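Peer 1: Let's see this in three dimensions:
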Amino acid sequence: MIVVWVVLGIVVLVLLASVLSYNRFVSQRNLIRNSWANIDTELKRRYDLIPNLVETVKGYAAHERETLEAVVAARNAAVAATGTPASQAAAEGPLVGALRQLFAVSERYPDLKANQNFLELQGELTNTEDRLQAARRFYNANVQDFNRRVQSFPSSVVAGMFKFTEEPYFEVEPAMRAQMEQPPHVEF
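Peer 2: Just a heads-up that it's a prediction; the model follows:
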């Protein structure tokens, strides 16, 4: 009779641990979705600021058409990218590069650099970039915790039973990261 109670106690403990592990997976998955929503909000904010910035620069640097068109094209591609963090990150790399080139172009025009509207837009975009970086770090930290649980025993058993799979990180492609780390080329 004692053996039956011990076995029953072990089964109850295993079931309780499984339920707690499942609930933690659900909680972490929801945290990842929430942190992705924060990234999405900041990306939309950036996308809304870019057309105003391009229009301001266009008034001062009309012959920089190629750079302005590159920024608009990169923005449109990034807005159109939806789905996984990996596909969004792939679209974000060229946009960041184009924006860096746009700010490099602005260095050629002292009147533009002194324009209050341009300075405000540039400040807003910088603030948005800072918030976006914080949101990326938060998202990736949550993904790291979740993926660690998916891979480690005994939670990997619960993950397998309920089809919890690893979540993708939001990372810039290595080739684009190397390009972004280089200073933009400016000719005077």
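Peer 1: so after the longest helix seen in the chain, what's the next helix or strand?
Peer 2: Counting by DSSP state H, the longest helix found in the chain is helix 2-60. Per DSSP states H and E, the first helix or strand lying C-terminal to helix 2-60 is helix 65-80.
Peer 1: roughly how far out does that next one sit from the chain middle?
Peer 2: Here helix 65-80 shows a centroid-to-chain-centroid distance of 19 Å under the convention CA atoms, centre = their mean, to the nearest Å.
Peer 1: tell me the angle that helix makes with helix 2-60.
Peer 2: If you take axes from the mean of the first three to the mean of the last three CA atoms, to 10 degrees, helix 65-80 sits at 150 degrees to helix 2-60.
Peer 1: Can you mark which positions in helix 65-80 are buried?
Peer 2: By neighbour count with 16 or more other CB atoms under 10 Å, helix 65-80 contains the buried residues 67-68, 70-71, 74-75, 78-79. All C-beta atoms are positioned from the backbone trio N, CA, C, and that covers glycine.
Peer 1: I'd like to know which elements that helix is packed against.
Peer 2: helix 2-60, helix 85-106 (3 or more CB pairs under 8 Å, 6 or more residues apart in numbering; DSSP states H and E).
Peer 1: got those as JSON lines, with mean pLDDT columns?
Peer 2: Conversion of the helices and strands packed on helix 65-80 to JSON lines gives the following (pLDDT from 0 to 100):
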{"stretch": "helix 2-60", "mean pLDDT": "92"}
{"stretch": "helix 85-106", "mean pLDDT": "84"}
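Peer 1: so of the ones you listed, which one's packed in deepest?
Peer 2: Each of these was scored by mean neighbour count; the highest is helix 85-106, a mean of 19, by mean count of other CB atoms under 10 Å.
Peer 1: Follow the chain on from that helix and name the next helix or strand.
Peer 2: helix 110-114.
Peer 1: How about residues contacting stretch 118-131?
Peer 2: The set of residues external to stretch 118-131 that reach it, using CB atoms under 8 Å, 6 or more residues apart in numbering, is 42, 45-46, 49-50, 52-53, 56-57, 60, 99, 103, 106, 112-113.
Peer 1: Report the two of those residues separated the most.
Peer 2: Across those, the longest distance by CB to CB is 27.2 Å; it joins 42 and 60.
Peer 1: could you measure residue 95 against residue 51, distance?
Peer 2: Separation of residue 95 from residue 51 (CB to CB, to the nearest Å) stands at 13 Å.
Peer 1: meant to ask about residue 140, not that
Peer 2: 29 Å.
Peer 1: and the gap between residue 156 and residue 43?
Peer 2: Using CB to CB, one obtains 32 Å as the distance from residue 156 to residue 43.
Peer 1: brain fart, residue 139
Peer 2: Taken as CB to CB, the span from residue 139 to residue 43 is 12 Å.
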